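Chemist: sequence unavailable; structure follows:
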Ligand code: PHE
């Protein structure tokens, strides 16, 4: 093929290739292919020497024209790509924060539970697990609540199959642990409990409790009081005061309900404490010797205390939440706030 024809072909292909380039990369490749040191234009120039003498000027100027055309088109395309990039850059506010994948966080109840457990673990308590599906023995009998005992009524219970039930209190953990471990014992257990209560702003059919207990030689009531006071101050603040009111639980004797001074108003009376100045936070007492006998721990040698608190209630008090149902509705607008 004569060089003139080659040049015609090259023109068609080269111009098409450059026009069709969709990226700076494509364009750069075409530029090297035609205009580069070892490119097709260079080799066409080298080809002039084999052209008939009379045709040389014509072929020479053909090559120059083609080189010119290719160069102009490459420059135009390059400019077009740059303009596009610039436009993208200008329409983008690069100071805007990036799009982050949103990472969730722990549920406020789990957070509260872990914070409380940590306080007791720091005091030397060991945190253990315990089953939620239980027998009447662990939920009632071993805790000194025999059948027909009136207090059994206060622990309304969901029964499931085969005489099993959903535990209505975490005190089951006392029995579960003391069956296996012998004093000295110092345990906390936190988890779900279930009661078929009518659901309202302060009742849920499922909620969380934390149980703590200690059994050893020479444990007395002041050990219970000191332990709870340390917890109350660590969790609610060092200014918080605590008081115990006599109460009744079948598995502790004597028993008490424990209040803390309202950490919102400092005891003066406000909406959170219903203008009483005190907030009820837990039930406690010295483990009933009958319970120790049930798990074959000698009550003549060992004594112990136990306490149980509602984690939902403590979380509500701490954060000023006035409806327990919010914890279980899974509305992220609520959950995000903690
Ligand atoms: N189990 C009791 C309740 O659910 C709380 C409690 C635990 C009281 C331990 C005394 C000792 O109400």
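Modeler: Structure's in. What do you need? None of these values were measured; they are calculated from a predicted model. Residues are numbered from 1 along each chain as shown.
Chemist: name the SS class of the residue of the stretch 201-338 of the chain found nearest the ligand, please.
Modeler: Taking CB to the nearest ligand atom, the ligand has its nearest neighbour within the stretch 201-338 of the chain at residue 308, 2.6 Å off. Yep, even glycine has a C-beta here, placed from its N, CA and C like the rest. When classified by DSSP: H, G, I helix; E, B strand; the rest coil, residue 308 comes out as strand.
Chemist: heads up, I number from 73, so please use that
Modeler: Taking 73 as the first residue, the last one we looked at is residue 380.
Chemist: can you pull the phi/psi pair for the residue found closest to it once you drop the neighbours it is linked to in the chain?
Modeler: Leaving aside its chain neighbours, residue 380 sits nearest to residue 283 (5.0 Å; criterion: CB to CB, 6 or more residues apart in numbering). Backbone torsions for residue 283, taken as degrees, to the nearest 10, come to phi -110, psi 140.
Chemist: what ranges does the chain have for its strands?
Modeler: Along the chain, the stretches classed as strands by DSSP state E are 198-199, 205-207, 230-231, 236-238, 257-266, 278-288, 314-321, 324-333, 350-359, 375-382.
Chemist: can you count the residues close to the residue nearest to residue 327 when sequence neighbours are not counted?
Modeler: Excluding its sequence neighbours, the residue lying closest to residue 327 (CB to CB, 6+ apart) is residue 357, at 3.5 Å. Residue 357: 24 surrounding residues under other CB atoms under 10 Å.
Chemist: quick one: pLDDT of residue 73?
Modeler: Here the pLDDT value assigned to residue 73 is 63.
Chemist: meant to ask about residue 392
Modeler: 89.
Chemist: and the nearest residue to it once chain neighbours are set aside, how far from residue 174?
Modeler: Nearest-residue entry for residue 392: residue 344, 6.5 Å, with adjacent residues in sequence omitted and distances by CB to CB, 6+ apart. Computed with CB to CB, to the nearest Å, the distance linking residue 344 and residue 174 is 32 Å.
Chemist: more neighbours: the two, which one.
Modeler: Comparing residue 344 with residue 174 by other CB under 10 Å, the one with more neighbours is residue 344, at 16 against 8.
Chemist: that one against residue 333, yeah?
Modeler: No: counting by CB atoms under 8 Å, residue 344 stays clear of residue 333, with 11.7 Å between them.
Chemist: find the residues that touch each one of these two.
Modeler: residue 351 (CB atoms under 8 Å, 6 or more residues apart in numbering).
Chemist: residue 109 - how many residues pack around it?
Modeler: So residue 109, with other CB under 10 Å, has 6 neighbours.
Chemist: domains of this protein?
Modeler: 75-162, 180-407 (automatic domain parsing).
Chemist: least reliable of these going by mean pLDDT?
Modeler: domain 75-162 (a mean of 91).
Chemist: next, the distance between the ends of that one.
Modeler: 47 Å (CA to CA, to the nearest Å).
Chemist: interface residues of the chain facing the ligand?
Modeler: Residues of the chain found near the ligand (CB under 6 Å from any ligand atom) are 241, 243, 283, 321, 324, 327, 355, 356, 357, 378, 379, 380.
Chemist: who does the closest residue to the fifth one other than its chain neighbours bridge with?
Modeler: To tie it back to what came earlier, the one meant is residue 324. Excluding the flanking residues, the one nearest residue 324 by CB to CB, 6+ apart is residue 357, at 2.6 Å. Beta-bridge pairing for residue 357 (DSSP bridges): residue 327, residue 378.
Chemist: would you agree residue 357 is in contact with residue 378?
Modeler: Yes: if you go by CB under 8 Å, residue 357 and residue 378 touch, sitting 6.6 Å apart.
Chemist: intersection of neighbour lists for those two?
Modeler: When contacts are counted by CB under 8 Å, 6+ apart, residue 357 and residue 378 are jointly contacted by 323, 324.
Chemist: and stretch 356-367, end to end?
Modeler: By CA to CA, one end of stretch 356-367 lies 19 Å from the other end.
Chemist: got a pLDDT number for residue 172?
Modeler: On pLDDT, residue 172 comes in at 81.
Chemist: centroid-wise, who is the farthest residue in this structure?
Modeler: Residue farthest from the centre of the chain, counting by CA atoms, centre = their mean, is residue 126 at 85.3 Å.
Chemist: from the ligand, how far off is it?
Modeler: Distance from residue 126 to the ligand, counting by CB to the nearest ligand atom, to the nearest Å: 114 Å.
Chemist: skip the chain neighbours and tell me the closest residue to residue 86.
Modeler: Nearest to residue 86 is residue 106, by CB to CB, 6+ apart, at 5.0 Å.
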